[in-house]
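Peer 1: Test case, fold it:
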Amino acid sequence: MKKDIKKLFGLKIKEIRIKKGLRQCNLADLVDVDPKTISCIESGKNFPSPNLIYRLATALKVEPKDLFEFYHLQSEKDLKKDITAMLDKLSKENLSLVYKFIRTFVL
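Peer 2: Coordinates of the predicted model:
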């Protein structure tokens, strides 16, 4: 089953927070929210406002877009499904480029 964006976003926040050596209460202090707010975001119960996303990115010293890169948190099945959907949208020329790129990993 594909995880929803709230859960994936929460997992990404938690992943980065742990890599930075921060506890939930430390991150909460940095972004000026209650620690329970961080807990609810990380568990996928709540999704932050755009303003809070910006503050989280700043506190974690990453670009806001980095908080939405969670392909590695998806299952193999979901990754293959997403890749197929993206390939279906490519022109023949771009599909050939992708093919050449993939071949370098397979052969």
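Peer 1: Now do the SS call for residue 45.
Peer 2: The three-state label given to residue 45 by DSSP: H, G, I helix; E, B strand; the rest coil is coil.
Peer 1: Contacts only, for it.
Peer 2: Shown in contact with residue 45 (Cβ atoms under 8 Å, 6 or more residues apart in numbering): residue 6. C-beta here means a position set from N, CA and C on the backbone, and glycine is covered the same way.
Peer 1: And it, its phi and psi?
Peer 2: Backbone geometry at residue 45, expressed as degrees, to the nearest 10, gives phi -80, psi -40.
Peer 1: Could you pull out the buried residues of the element among helices and strands of the chain having the smallest mean pLDDT?
Peer 2: Least confident helix or strand of the chain, by mean pLDDT, DSSP states H and E, is helix 76-87 with a mean of 88. Residues of helix 76-87 include none that count as buried (16 or more other Cβ atoms under 10 Å).
Peer 1: C-alpha coordinates for the next helix or strand after that helix, CSV please?
Peer 2: Moving toward the C-terminus from helix 76-87, the next helix or strand (DSSP states H and E) is helix 92-106. C-alpha atoms of helix 92-106 as CSV (Å, rounded to 0.1, in the frame of the first residue of the first chain):
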residue,chain,number,x,y,z
LYS,A,92,10.5,8.7,-27.5
GLU,A,93,13.7,10.8,-27.5
ASN,A,94,13.7,11.2,-23.7
LEU,A,95,12.7,7.6,-23.3
SER,A,96,15.8,6.6,-25.3
LEU,A,97,18.0,8.7,-23.0
VAL,A,98,16.5,7.1,-19.9
TYR,A,99,17.1,3.7,-21.4
LYS,A,100,20.8,4.4,-22.0
PHE,A,101,21.1,5.7,-18.4
ILE,A,102,19.4,2.6,-16.9
ARG,A,103,21.5,0.3,-19.0
THR,A,104,24.6,1.6,-17.2
PHE,A,105,23.3,0.2,-13.9
VAL,A,106,22.0,-3.1,-15.3
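Peer 1: what's the angle between helix 92-106 and helix 76-87?
Peer 2: 150 degrees (axes from the mean of the first three to the mean of the last three Cα atoms, to 10 degrees).
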